[in-house]
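Asks: With the input below, show me the fold.
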Amino acid sequence: MAARIGKLRALAASVAVVLALGSACSDGGNPEVQKPNGDAGGSGGGGGVGGKPDSGSEDGPPDAGSDADATDAPPSPLRLGIIPVPPSKGDAGPSAADDKLAELDVLALGSRGVSHVVRWDALFSSPSVPSPTAWQKLQGSAQLYQSSARAFLLSVALVDRTLDARPSGSPAGWNSVATRTALDALIDKVFDSFGDELYALSFGNDLDRYLAGQSATTADDLTALVEHGLDYAKQHPSRPAALLVGATFSSDALAKGPTASMAKILMKSDVVVANYYALDEQFQARPTTQVAQDLDALSSGGTADAGEAGAARPVLLQEVGYPSAAENGSSPEQQRAFYQGLFQALTTRRERFPFVSVNGLHDPPPARCATEAAAFGAAANGAAVAARCSLGLRAADQTAKPALSSVLEALAAFANP
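Replies: Below you'll find the model as predicted:
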């Protein structure tokens, strides 16, 4: 316990320096999300992380087609961070101190963007009764990101992938007056609890997975509820001026092209919000060489409804992850290769992807992995459990994986602007 308290104090001191530096460079408010002037894509190869030249080109001039020749404007901000998954201690789960250590740890490592996904039934014990402890914890996390250099994304999971996440006692219908009233109360509580530190609010989580397993009537009702929530949040008198509002889908669903329900929701969204896990339907790791293509397909699919004359919406990567387990056809080195490819691809796509949150700092405990696999509809799938249990940049025992160094390099490279 004494060692843990000492580590907390040391991390708190480090974070205090980080926060002070951020405040000194900040003019207040959330970072502006700039809309792209041109193509969402770009080459995935060549150059170094964060728009810097790689070591082989340091002494030479930029390529003829590079951004340096095209404009002297600074690169678009990219808020990159690590989701603060604490180390596990068996199935008992982390303590409050472990959670706080992880929060401080990712800040000390240089995180500037973090997402928190919380189920609706974790925030409200019944449709009209909020859970004070859950809100206090969220507020404590968000306060660490009170700077224009940092971004806090809150995703309220109306559904948890394939599972209904409404509070106990909710009415059966998704689009009933009572359900809309409950959602309004949830949104009211969000804006009563957060201010300018809230960068984005999303309704999720992986809505497409739930919609795909429902009848047409249920899918239509949930779609209408999410549309109502988007309208209510965007028109709310207490909405922070710079807040972005959207709904979270899986990257695979967006890349395939939005369904009619997804398109209706996207039309009312400020941004596209996606979870990107480079896995196939059998939870096997996809080739690391496909990252750039994945990002381009996601970007195109997520803004297909904008039309030729429409402004393409920015894409917020709420969660990005890649397993290191052999059960998923991967390895620690392959996980590192994925992140190297991801950050290389982002150097020419940062205007379209202004927010990226890596999942996560540590491998989670087995019980959490099983719960998350069940949310994917794969409770008995060993590969699904292995994937969720090997996403961390550190193992459960806090041993660093090779991917951690690649993420740390990217945090430094994308630190400005």
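
Asks: where exactly do the helices run in the stretch 201-350 of the chain?
Replies: Ranges of helices in the stretch 201-350 of the chain, per DSSP state H, counting those that start in this stretch, are 207-212, 216-234, 251-256, 260-267, 291-302, 332-346.

Asks: Any chance of CSV for the ones you listed, columns mean pLDDT, distance to A157 and mean neighbour count?
Replies: In this view, the C-beta of every residue, glycine as well, is placed from N, C-alpha and C. Listed next are these as CSV, based on pLDDT from 0 to 100; distance: least, CB to CB, whole Å; neighbours: other CB atoms under 10 Å:
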stretch, mean pLDDT, distance to A157, mean neighbour count
helix 207-212, 99, 9, 22
helix 216-234, 99, 12, 18
helix 251-256, 97, 16, 22
helix 260-267, 96, 15, 18
helix 291-302, 95, 19, 22
helix 332-346, 99, 24, 22
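
Asks: Just tell me which of these ends up closest to V156.
Replies: helix 216-234 (8.7 Å; CB to CB).

Asks: what mean pLDDT would you report for the one helix or strand L153 maps to?
Replies: Assigned by DSSP states H and E, L153 belongs to strand 151-157. Averaging pLDDT along strand 151-157 yields 98.

Asks: First-to-last residue distance for stretch 262-275?
Replies: Start-to-end span of stretch 262-275 (CA to CA, to the nearest Å) is 15 Å.

Asks: what about the stretch 251-400 of the chain, any weak spots by pLDDT?
Replies: For the stretch 251-400 of the chain, residues meeting the criterion pLDDT under 70 lie at 304-311.

Asks: Let me see the ranges of the strands in it.
Replies: 272-277, 315-321, 355-358 (DSSP state E, counting those that start in this stretch).

Asks: Distance from the last one to the middle of the chain?
Replies: It stands for strand 355-358. 5 Å (CA atoms, centre = their mean, to the nearest Å).

Asks: now swap in the longest one and tell me
Replies: Centroid separation between strand 315-321 and its chain, computed with CA atoms, centre = their mean, is 4 Å.

Asks: Select, out of the helices of the stretch 201-350 of the chain, the one closest to A92.
Replies: From those, taking CB to CB, the stretch that ends up closest is helix 332-346, at 25.7 Å.

Asks: elements contacting that closest one?
Replies: Packing contacts for helix 332-346, counted by 3 or more CB pairs under 8 Å, 6 or more residues apart in numbering; DSSP states H and E, involve helix 291-302, helix 402-413.

Asks: Relative to A396, which of those helices is closest?
Replies: It is, among the helices and strands packed on helix 332-346 and with distance given as CB to CB, helix 402-413, at 14.0 Å.

Asks: can you list the residues that contact the closest one?
Replies: For helix 402-413, contacts defined as CB atoms under 8 Å, 6 or more residues apart in numbering pick out 48-52, 80-82, 109-112, 322, 324, 332-333, 335-336, 338-340, 343, 358, 393-394.

Asks: redo that, cut-off 7 Å
Replies: 49-50, 52, 80, 82, 109-111, 332-333, 335-336, 339-340, 343, 358, 393-394 (CB atoms under 7 Å, 6 or more residues apart in numbering).

Asks: For A396, give me phi and psi.
Replies: Taking degrees, to the nearest 10, you get phi -60, psi -30 for the backbone angles of A396.

Asks: same question, S115
Replies: phi -110, psi 140.

Asks: tell me the contacts of it?
Replies: Contacts of S115 by CB under 7 Å, 6+ apart are I83, L153, S155, Q318, E319, S357.

Asks: now, the most widely separated pair of the residues you listed?
Replies: I83 and S155 (11.3 Å).

Asks: Just list whatever residues bridge to S126.
Replies: In this structure, S126 bridges to V129 when assessed by DSSP bridges.

Asks: closest one to R239 among the helices and strands packed on helix 332-346?
Replies: It is, among those and with distance given as CB to CB, helix 291-302, at 22.5 Å.

Asks: tilt between that closest one and strand 315-321?
Replies: Taking axes from the mean of the first three to the mean of the last three CA atoms, to 10 degrees, one finds helix 291-302 and strand 315-321 inclined to each other by 130 degrees.

Asks: got the contact list for helix 291-302?
Replies: Against helix 291-302 from outside (CB under 7 Å, 6+ apart): 40-41, 44, 251, 254-258, 266, 272, 274, 276, 278, 313, 315, 338, 341-342, 345, 349, 352-353.

Asks: now swap in stretch 375-390 and tell me
Replies: So stretch 375-390 is contacted by 160-163, 279, 282-284, 323-325, 327-328, 363-364, 366, 369-370, 372-373 (CB under 7 Å, 6+ apart).

Asks: from what I can see Q139 touches S193, true?
Replies: Yes: with contact defined as CB atoms under 7 Å, Q139 reaches S193; the gap is 5.6 Å.

Asks: All set, thanks.
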